[in-house]
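Chemist: pasting the sequence and the predicted coordinates here, then a few questions.
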Amino acid sequence: MAFKRRHQQETEPSVPTDSFSDVAFLLIIFFILTTSIQQMTGFNTDFPSAESGKPTAEKKATTVAVADGNLRYDGKSITMPELRQRLLDLRLHDRQGEDKVVMVESSGKVDYQTYYLVLAAITKAGGIVAVEREETSK
């Protein structure tokens with residue numbers, strides 16, 4: 001009696017991939033909903049360019065000094081709200097050319113936020129920022 005062997009089809013085990021696209025779609029939706037998009041804030045400012053020419057009678061520009069977290073406006077200590085008010089009182093929007101220039105002197109360790117706030121206050125008041133730096137010996 002001959003026994004017939006049943007030929008078993010050998011199939012390789014496979015991972016079910018039918019729901020992968022659903023899981024990927026849900027992950028994309030999750031990350032879109034939980035991500036917060038933060039808009040960068042800033043301001044536009046005009047820096048005066050250096051021009052060579054005849055020396056002229058030097059006008060005394062308004063000077064703001066920033067050093068170690070202290071603000072000085074024309075040599076006098078001042079707070080940030082007072083600086084904003086004094087810059088608004090100058091009516092820089094109504095001025096033309098070099099009359100709009102406000103000198104910013106920075107020395108010592110100045111944190112970025114204070115420096116940024118001073119530049120933003122000058123620009124918002126309508127001034128043009130002129131940065132003065134200390135000469136360093138080589």
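Modeler: Looks like it arrived, so ask away.
Chemist: which residues of this structure score low on pLDDT?
Modeler: The chain contains residues with pLDDT under 70 at 1-10, 40-59, 108, 132-138.
Chemist: how does it look with 90?
Modeler: Applying pLDDT under 90 to the chain flags the ranges 1-20, 33-76, 86-138.
Chemist: ranges for the helices of it?
Modeler: Under the criterion DSSP state H, helices of the chain are mapped to 20-34, 80-89, 112-124.
Chemist: out of the ones you listed, the one nearest residue 69 is which?
Modeler: Distance to residue 69, taken as Cβ to Cβ, is lowest for helix 112-124 among the helices of the chain, at 6.1 Å. Glycine gets a C-beta too; all of them are placed from N, C-alpha and C.
Chemist: returning to that earlier point: turn the helices of the chain into CSV, including distance to residue 100.
Modeler: Formatted as CSV, those follow (distance: least, Cβ to Cβ, whole Å):
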stretch, distance to residue 100
helix 20-34, 45
helix 80-89, 11
helix 112-124, 9
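Chemist: turn those helices into JSON lines, including mean neighbour count.
Modeler: Output for these, formatted as JSON lines (neighbours: other Cβ atoms under 10 Å):
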{"stretch": "helix 20-34", "mean neighbour count": "9"}
{"stretch": "helix 80-89", "mean neighbour count": "15"}
{"stretch": "helix 112-124", "mean neighbour count": "17"}
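Chemist: and of those, who's closest to residue 60?
Modeler: helix 80-89 (15.2 Å).
Chemist: please work out the angle formed by the directions of the closest one and helix 112-124.
Modeler: Counting by axes from the mean of the first three to the mean of the last three Cα atoms, to 10 degrees, helix 80-89 lies at 20 degrees to helix 112-124.
Chemist: from the chain's centroid, how far away is helix 80-89?
Modeler: 22 Å (Cα atoms, centre = their mean, to the nearest Å).
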